[in-house]
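Participant: Build me a structure from this.
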Amino acid sequence: MTEMSPCIRRNRKTRIVATLGPASSSKERIKELFLAGVDVFRLNMSHGEHEEKEALVHTIRAVEREVERPIAILADLQGPKLRIGKFANGPVNLKTGGMFTLDLTDIPGNELRAPLPHKEIFDALEIGTELLLDDGKIRLKVEEIDGESAKCRILVGGPLSDKKGVNVPNAVLPLAALTDKDRKDLTFALKCGADWIALSFVQRAADVAEAKKLVGGKAAVMAKIEKPAAVNSLNEILELADGVMVARGDLGVEEPLENVPGIQKQLIQAARREGKPVVVATQMLESMIKAPVPTRAEVSDVATAVMDGADAVMLSAESAVGDYPIEAVEVMNRVAMRIEGEANYHTHRRDDRASPNATTEDAISAAARQVSDTVDAKAIVTFTTSGATALRAARERPNAPILTLTPRISIARRLAIVWGLHTVKTKDVTAFEEMIGKSKRMALRQELAQRGDRIVVTAGVPFGTPGATNVLHIAWVQGDELKGFEQES
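Facilitator: Numbering: from 1, shown residues only. Purely as a prediction, here's the structure:
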């Protein structure tokens, strides 16, 4: 891929992730979604066959070639989804205050009991443990347990049918980080060239470590935070993960709903301190699955995530199966642009900016942001081979746009999820003067600067050394830098 077109440049810094599905699987629709504002396409590995996902990957890459901009693909693994078994005669109705037994047998259930084919749950149960069924609609409390069955008091009853999900909020379950299905899906996703792997139902840092070992650097690993155990181990998880997702669906089942907004803010702040991208997901514009406009509360929800400094906001069913996928993306795009245009947005970014670590790399990135503000630079230009320099620049949340230049298309795609980065794949540089000349040319070509403007350039010397950011330079754009460089790759 050659240098990518300057014609498509986002006028917002928050990124948009959209899930693909039946409502958004054609090339025409995927291109429409990109043009409407999508930066990252999510493939939900819980649904569909590998052949369908492979076709989507080929389509995304075809659109990428047409628009000449890097597009990220996020493969979201299903994880160890826990479900009850089947009932003999269809749905049953559990009455509040009554008793209901869960056991390890394979005998179909009735009004008094049901099979729960997950020994790992029984190994973690204690007297008093609460279980949530069907996304928390039904609540049970264990009163007796013998290792193979649990007699439970029905705290909140209601209808219950086959294969409904089971959550155990206050227990760390002895589950493998990846199921057999996940391992097959992971192998497939890496073979197809996915840029991010989302790991579901993370409980501990060891879960991330196992996934990263299997990924082997072929993609970035995103830990989905949707269990209280993961919230409690957030610092250790963040240290290993390349990014995190605030997966508010299951998080809102296992945590009291009133806790979720505070946890969301906590996760965003923690990820920003570490310079790791953070995505806010689940039900952001849920009503737009069937309605052409969102509710006012949903708009406020998206606005809050943007104001708090999330790297990206995500659409799930809205874009996968909804009636208005393009409109949903357009709403997100408009809300993000409006919030980022507010004066208090920049004040908020300044006030909650994380202090730089005592490293040369962090010092240079913090200085680049300060210098760009002082001299009114039109762009901060970063050279990166691993993405580390660009992540540090984004961590500073500068007012100036960040133009990221990398010789690796895999890194250009991976960085598409990161706040404020406009990434271009281009040939690497080998000398200081070459770096400065290319910075000016690319700022002009990407329409980030004009004649007489100043730009701030950061890089690592010796060139090509991952993570070694140690140079900061202020350059004047003279306007004639493009002469003789009409086709640079």
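
Participant: Number of residues surrounding residue 147?
Facilitator: The criterion is other Cβ atoms under 10 Å. On that basis, residue 147 has 10 neighbouring residues. Bear in mind the C-beta positions are built from the backbone N, C-alpha and C, glycine included.

Participant: again but with residue 474, I slipped
Facilitator: 15.

Participant: so it sits right up against residue 454, yeah?
Facilitator: Yes. In terms of Cβ atoms under 8 Å, residue 474 counts as a neighbour of residue 454; the distance is 5.9 Å.

Participant: can you list residues touching both of those two?
Facilitator: Shared contacts of residue 474 and residue 454 (Cβ atoms under 8 Å, 6 or more residues apart in numbering): 375, 377.

Participant: Could you report the separation of the residue lying closest to residue 253 once chain neighbours are set aside from residue 175?
Facilitator: Distances taken as Cβ to Cβ, 6 or more residues apart in numbering put residue 136 closest to residue 253, at 4.3 Å, once the chain neighbours are dropped. Using Cβ to Cβ, to the nearest Å, residue 136 is found at 19 Å from residue 175.

Participant: Double-check that residue 349 belongs to a helix.
Facilitator: Yes. Per DSSP: H, G, I helix; E, B strand; the rest coil, residue 349 lies within a helix segment.

Participant: Contacts only, for it.
Facilitator: Counting by Cβ under 8 Å, 6+ apart, residue 349 has contacts 309, 397.

Participant: Give me the pLDDT value at it.
Facilitator: We have a pLDDT of 75 for residue 349.

Participant: got it, and residue 169?
Facilitator: 88.

Participant: tell me the secondary structure for the residue most central in space within the chain?
Facilitator: The centre of the chain sits closest to residue 279, judged by Cα atoms, centre = their mean, with a distance of 3.8 Å. Here residue 279 is recorded as strand under three-state DSSP.

Participant: And for the one 4 residues further on?
Facilitator: Residue 283 carries the three-state label coil when classified by three-state DSSP.

Participant: Would you confirm that it contacts residue 248?
Facilitator: Yes. Assessed by Cβ under 8 Å, residue 283 is found in contact with residue 248 at 6.8 Å.

Participant: Between those two, which contacts overlap?
Facilitator: With Cβ under 8 Å, 6+ apart, residue 283 and residue 248 have no common neighbours.

Participant: for the helix-or-strand element of the chain with minimal mean pLDDT, which positions count as buried?
Facilitator: Within the chain, no helix or strand scores below helix 343-351, which has a mean of 81 by mean pLDDT, DSSP states H and E. For helix 343-351, burial by neighbour count (16 or more other Cβ atoms under 10 Å) applies to 345, 348-349.

Participant: again with stretch 55-74
Facilitator: For stretch 55-74, by 16+ other Cβ under 10 Å, it's 56-57, 59-61, 63-64, 67-74.

Participant: Other residues contacting that stretch?
Facilitator: So stretch 55-74 is in contact with 1-2, 4-5, 7-8, 17, 20, 25-27, 30-31, 34-35, 39-43, 192-198, 222, 409, 412-417, 423, 425, going by Cβ under 8 Å, 6+ apart.

Participant: Over to stretch 40-50?
Facilitator: Against stretch 40-50 from outside (Cβ under 8 Å, 6+ apart): 15-21, 30, 33, 53, 56-57, 60, 71-78, 81, 182, 185, 188-189, 194, 196, 198, 312, 314, 316, 320, 416-417.

Participant: From those residues, list the buried ones, please.
Facilitator: Applying 16+ other Cβ under 10 Å to the contacts of stretch 40-50 flags 15-21, 30, 33, 53, 56-57, 60, 71-78, 182, 185, 188-189, 194, 196, 198, 312, 314, 316, 320, 416-417 as buried.

Participant: Can you tell me which of those residues end up in helices?
Facilitator: Among those, DSSP state H puts 30, 33, 53, 56-57, 60, 182, 185, 188-189, 320 in helices.

Participant: which pair in those spans the largest distance?
Facilitator: 33 and 182 (26.5 Å; Cβ to Cβ).

Participant: ok so, going back, next one: the residue nearest to the centre of the chain from residue 261, what distance?
Facilitator: Applying Cβ to Cβ to residue 279 and residue 261 gives a distance of 16 Å.

Participant: Residue 283 and residue 248 - which one has more neighbours?
Facilitator: Applying other Cβ under 10 Å to residue 283 and residue 248 shows that residue 248 carries more neighbours, namely 23 against 16.

Participant: so what's that one up against?
Facilitator: Contacts for residue 248 (Cβ under 8 Å, 6+ apart) come out as 226, 260, 264, 280-283.

Participant: Go again with 10 Å.
Facilitator: 225-226, 255, 257, 260-261, 263-264, 280-284, 301, 314 (Cβ atoms under 10 Å, 6 or more residues apart in numbering).

Participant: measure the nearest residue to residue 86 once chain neighbours are set aside to residue 253 for me?
Facilitator: Once flanking residues are discounted, residue 86 sits nearest to residue 162: 4.5 Å by Cβ to Cβ, 6+ apart. Computed as Cβ to Cβ, the residue 162 to residue 253 distance reads 19 Å.

Participant: the more surrounded of the two?
Facilitator: Set side by side, residue 162 and residue 253 show more neighbours around residue 253, with 20 against 14, by other Cβ under 10 Å.

Participant: Now that that one has come up, it's in contact with residue 132, right?
Facilitator: Yes. Here residue 253 reaches residue 132: they are 5.8 Å apart, a contact under Cβ atoms under 10 Å.

Participant: Overlap of the contact sets of the two?
Facilitator: 165, 167, 169.

Participant: Which of those residues has the largest number of neighbours?
Facilitator: Ranking the shared contacts of residue 253 and residue 132 using other Cβ under 10 Å puts residue 167 first, with 20 neighbours.

Participant: So the residue nearest to that residue when sequence neighbours are not counted versus residue 153, what's the distance?
Facilitator: The shortest distance from residue 167 to any non-neighbouring residue, by Cβ to Cβ, 6+ apart, is to residue 132 (4.2 Å). Here the criterion is Cβ to Cβ. By it, residue 132 lies 14 Å from residue 153.

Participant: the more surrounded of the two?
Facilitator: residue 132 (20 against 16).

Participant: still on that earlier bit, so can I have a markdown table of the shared contacts of residue 253 and residue 132 showing secondary structure?
Facilitator: Formatted as a markdown table, the shared contacts of residue 253 and residue 132 follow (three-state DSSP):
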| residue | secondary structure |
| --- | --- |
| 165 | strand |
| 167 | strand |
| 169 | coil |
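
Participant: now these as a markdown table including distance to residue 374?
Facilitator: Output for these, formatted as a markdown table (distance: Cβ to Cβ, whole Å):
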| residue | distance to residue 374 |
| --- | --- |
| 165 | 54 |
| 167 | 51 |
| 169 | 49 |
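
Participant: which among these gets closest to residue 288?
Facilitator: residue 165 (24.4 Å).
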